[in-house]
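In: Sequence and predicted model, in that order:
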Amino acid sequence: MALFGRLWVLPVLLALLAATKGEVLEMLDDTLETMRVAGCLPDDYVSLELPSCEQVNGGVYDKILCVAKSAGFANESGSYNAETATTFIGSLSSDEQWVEATKATLNSCSSMMSDELPDNRQGVFMFACLVMSLKFQCNAKRTGDAMQSIIGTEGQSIGQALAYIAEGYCVTGGLKNPDSIDEWTACSEQNSLDLEVLAEAGEAYKKFAYTSEEVDIDADDINALSDQLDNFNATIHCTMTAIGDITADGELDFDRMRENLNTSKGKDYIKKTAAGVLDFCQGMSPATPNDYVTCWFGSLPHACISLQAHGLVLAPEKKPSCPAGGRGGRGRGGRGRGGRTQRRRNQRRRNQRRRNQRRRQRPQQPAEEI
């Protein structure tokens, strides 16, 4: 999974940290407006009006702290105020379903907050975590809606699977296990995994979710992505079996998973985050390996959001150390249908036809959706 190097998605945090002091609230307003247009906010949502924060002295963190205080998330000292935060959420809309779902997201953020985080930083953490969580949920919905509009109902699950894989990259991309590279390579070949298709889909998602650039995809692109998501899932199951995470009887071996995680290369905080996700998914008592994989990828975006929010409040004037990766706009989005993009698309389709022919010539193994 560490080979998914180009599926890094530029998070809201990077944009906030790169912003000038006067842009922070404008960017927050733009984010909320995008969510409103996408139908991620209720019709009677009350827009934030916090103009006084534009005049706050200090850096980006200080402006976000001002917003968090104005919204009731932070007391004057910066500590988190759960009562006024939930009251504020309730004041944004009369849509009880949305309010309760948002409060549940807030509770999830609270459960992800480190016990070691200083009290005077907790208000900003909770506010940032909530905004980024709502933004991610909306991005997943928007991606699913966009693909559904092109190929029908199936597009919803394809788009959301892409969003979850891409947004969880800060963990999967931060871990490498040299001992499993051969197994991953063999399983990739066995299951006809084409990382180029997934990487380009990740680039298109990044542009769609975090920029105003036009993204040009069609039914063939989505169907190719769907095939590769199946192949990706099959490759994961194959690799887990090869390295002992799944036993010969098809059972999950959590002790072996921890051994493999401990021998992986990566920063300590990434390994601790991954271990936390592993513990959480084990606690969910997955009945099958696919249940575990679903929990793993379903939890990673939230783990990354937690890391980003902690990074914001612990090093407010520094960008995260996670590599941005990517190829600077060389994906399919924003280039129209001519020239180099069309030639690459034609080549991908020829490659896909060859892969389909090879698959028809050998017995097929069922691959469950992520």
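Out: Structure received.

In: after the least confident helix or strand in the chain by mean pLDDT, next one along is what?
Out: Least confident helix or strand, the chain: helix 12-18 with a mean of 42, by mean pLDDT, DSSP states H and E. Following helix 12-18 in sequence order, the next helix or strand is helix 24-37 (DSSP states H and E).

In: and the angle from the following helix or strand past that following helix to helix 24-37?
Out: Counting by DSSP H and E, the element after helix 24-37 in chain order, helix or strand, is helix 60-70. Counting by axes from the mean of the first three to the mean of the last three Cα atoms, to 10 degrees, helix 60-70 lies at 60 degrees to helix 24-37.

In: remind me, longest helix of this protein?
Out: In the chain, assigned by DSSP state H, the helix with the most residues is helix 119-151.

In: for that helix, which positions count as buried?
Out: Neighbour-count burial for helix 119-151 flags 120-144, 146-148, 151 (criterion: 16 or more other Cβ atoms under 10 Å). Bear in mind the C-beta positions are built from the backbone N, C-alpha and C, glycine included.

In: Could I get the CA-only coordinates of the following helix or strand past it as CSV?
Out: Downstream of helix 119-151, the first helix or strand assigned by DSSP H and E is helix 154-167. Taking C-alpha atoms only, helix 154-167 is exported to CSV below (Å, rounded to 0.1, in the frame of the first residue of the first chain):
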residue,chain,number,x,y,z
GLU,A,154,-22.6,2.1,-9.1
GLY,A,155,-20.7,5.3,-9.5
GLN,A,156,-21.6,6.4,-5.9
SER,A,157,-19.6,3.5,-4.3
ILE,A,158,-16.7,3.9,-6.8
GLY,A,159,-16.4,7.6,-6.1
GLN,A,160,-16.5,7.1,-2.3
ALA,A,161,-14.0,4.3,-2.4
LEU,A,162,-11.6,6.5,-4.2
ALA,A,163,-12.1,9.4,-1.7
TYR,A,164,-11.5,7.1,1.3
ILE,A,165,-8.3,5.6,-0.2
ALA,A,166,-6.9,8.9,-1.3
GLU,A,167,-7.7,10.8,2.0
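
In: Just the buried residues of stretch 76-85, please?
Out: Buried residues in stretch 76-85, defined by neighbour count with 16+ other Cβ under 10 Å: 78, 80-81, 84-85.

In: Can you give me the neighbour number for the closest residue to H237 other than its chain neighbours?
Out: Closest residue in space to H237, ignoring its immediate chain neighbours: P289 at 6.0 Å, by Cβ to Cβ, 6 or more residues apart in numbering. Using other Cβ atoms under 10 Å, P289 has 19 neighbouring residues.
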